[in-house]
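# below: sequence and its predicted model.
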Amino acid sequence: MNTEPIGSIPRPLPLLHAIAAFRSERITRDVLDEEYAKALRDTLQRFAETGSPIITDGEQTKPSFATYPLGGLENLAPDGVVIPFADGHKRQLPLLTKGPFRYAVHAGAYTRSARLNATLPIKQAVISASALSLLYPSSAIADYPHDAFVADLINEAEADIRDALDAGAVVVQIDFTEARLSLKLDPSGKLLRSFIDLNNQVLDRFTSEERQRIGVHVCPGGDFDSTHSADVSYAGLLPDLFQTNVGRFYLQMASEPDRPATLRIVKNVMKPDHLVFIGVIDPINPIIETAEHVRSRVLEAASILPPERLGTTDDCGFAPFADDTSTARDTAFSKIRARVEGTKLAAEELGLASTR
């Protein structure tokens, strides 16, 4: 039975202190880069110690899961789309001020850095084209119409995924956290379907074999132990989500209030070639799950979904934004170990191959 992480791990405090010191010009870039390198090496080692068969770089060197392609771009303003969270805090995307739109960084750079020190297969998370489509302002940019922006965005999103695959990522995960949020903004589902259509325009550029190594992740957000759309039902999301042209789906499930009902919807919409990874770990819950707790969640899912098409994951990343210190680093790795061990227990009970 497959088990994979979602991505982000809380950054070590020395790294967070170094980032703050660099921003206030108290240390040089070389000193900051050394702290990034230390955090990356420590993350890869600690991931391996959990028994994880597939690991990530923990997004240690990304400013956030969403904005990593934008660092250093000069055609952005700070006053973009605002994402409100249930506890009252907000995150804000930048706004594009002129064309053309290009990524400053592609995800393969993170994959290559991780592979220099990793002994295990690397999974790479990328941001969805639909999330970055929100950078374009509601009023058109002079000499850069929306259609031209979308064409550039599709090209860049394709290059981002392809670069990660070419760099050696065994799996590429598209973070699509705005999927559930879109139903809060537009309950009709029109916005959601436009997002999926845009993402599929990117995915249509890959072969069927490549798409089996590409997945999409959805959750109601997870930042400072708060969510942005947990009050939105999965029922309106899943039928459209499973029209996304990927082979793997990563679904927040551990924190879902009615898992059996949601799993039955998944059963009805999944296709024979899909792998479905259900969340068995709740990153924003401070209680550390036990392996036995994870096993129970897996067996519950396997009673509804085909066990041979089932995998496990975490509901969300543990620190999608670099400054999120709401979960301790040790807690995150303890939860990951519980996922790995609990999945193995469930696989043995189901008579399936051990985790891979």
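Received, thanks. Numbering: from 1, shown residues only.
# hey, where'd the helices end up in the stretch 201-350 of the chain?
Ranges of helices in the stretch 201-350 of the chain, per DSSP state H, counting those that start in this stretch, are 208-211, 238-241, 259-269, 291-302, 329-350.
# tell me where the stretch 1-150 of the chain has strands.
Using DSSP state E, counting those that start in this stretch, the strands of the stretch 1-150 of the chain run over 2-3, 76-77, 82-84, 90-92, 95-96, 123-127.
# what's the first one packed up against?
Same thing as strand 2-3. Strand 2-3 sits against strand 275-281, strand 310-314, helix 329-350, with contacts defined as 3 or more CB pairs under 8 Å, 6 or more residues apart in numbering; DSSP states H and E. Bear in mind the C-beta positions are built from the backbone N, C-alpha and C, glycine included.
# pull up the pairing partners for it, direction included.
Applying DSSP bridges, strand 2-3 is found paired with strand 310-314 (parallel).
# on that earlier part again, among the helices of the stretch 201-350 of the chain, which is nearest residue 139?
Residue 139 lies closest to helix 238-241 among the helices of the stretch 201-350 of the chain, at 28.6 Å (CB to CB).
# helices or strands next to that closest one in the packing?
helix 190-203, helix 259-269.
# can we see that at 10 Å?
If you count contacts as 3 or more CB pairs under 10 Å, 6 or more residues apart in numbering; DSSP states H and E, helix 238-241 packs onto helix 178-185, helix 190-203, strand 214-218, strand 248-251, helix 259-269.
# pairing partners for the third one, with directions?
Take DSSP bridges as the rule and strand 214-218 pairs in its sheet with strand 171-175 (parallel), strand 248-251 (parallel).
# adding distance to residue 26, write the ones you listed out as CSV.
Below are those laid out as CSV (distance: least, CB to CB, whole Å):
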stretch, distance to residue 26
strand 171-175, 32
strand 248-251, 39
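# can you say which of those is nearest to residue 206?
The nearest among these, by CB to CB, is strand 171-175 at 9.7 Å.
# gap between that closest one and the chain center?
In terms of CA atoms, centre = their mean, to the nearest Å, the centre of strand 171-175 is found 7 Å from the chain centre.
# mean confidence (pLDDT) on that strand, please.
Averaged across strand 171-175, pLDDT comes to 98.
# just want the angle from that strand to strand 275-281.
Between strand 171-175 and strand 275-281, the angle comes out at 70 degrees (axes from the mean of the first three to the mean of the last three CA atoms, to 10 degrees).
# buried ones in strand 171-175?
171-175 (16 or more other CB atoms under 10 Å).
# shaky segments in the protein?
354-356 (pLDDT under 70).
# returning to that earlier point: for the helices of the stretch 201-350 of the chain, which one sits closest to residue 251?
helix 259-269 (7.0 Å).
# picking that back up, and among the helices and strands packed on strand 2-3, the most buried is which?
strand 310-314 (a mean of 26; mean count of other CB atoms under 10 Å).
# partner residues bridging the residue sitting nearest the centre point of the chain?
The chain has residue 175 as the residue nearest its centroid, 3.9 Å off, counting by CA atoms, centre = their mean. Counting by DSSP bridges, residue 175 forms beta bridges with residue 127, residue 217.
# contact partners for it?
Taking CB atoms under 10 Å, 6 or more residues apart in numbering, we find residue 175 in contact with 6-8, 65-66, 125-128, 131, 216-219, 250, 316-317, 320.
# can you rerun that using 6 Å?
65, 125, 127, 217 (CB atoms under 6 Å, 6 or more residues apart in numbering).
# hang on, the second one packs against residue 7?
Same thing as residue 125. Yes. Using CB atoms under 6 Å, residue 125 and residue 7 qualify as a contacting pair, with a distance of 4.0 Å.
# number of residues surrounding residue 6?
28 (other CB atoms under 10 Å).
# I'd assumed residue 314 was in contact with it.
Yes. Using CB under 6 Å, residue 6 is in contact with residue 314, at 4.9 Å.
# leaving out the residues flanking it, which one is nearest to residue 243?
Among residues not flanking residue 243 along the chain, residue 196 sits closest, at 5.9 Å (CB to CB, 6 or more residues apart in numbering).
# these two touch, right, residue 191 and residue 182?
Yes. Contact status for residue 191 versus residue 182: in contact at 4.4 Å, counting by CB under 6 Å.
# buried ones in stretch 255-275?
For stretch 255-275, the buried set under the neighbour-count rule, 16+ other CB under 10 Å, comprises 255-256, 259, 262-263, 265-266, 270, 274-275.
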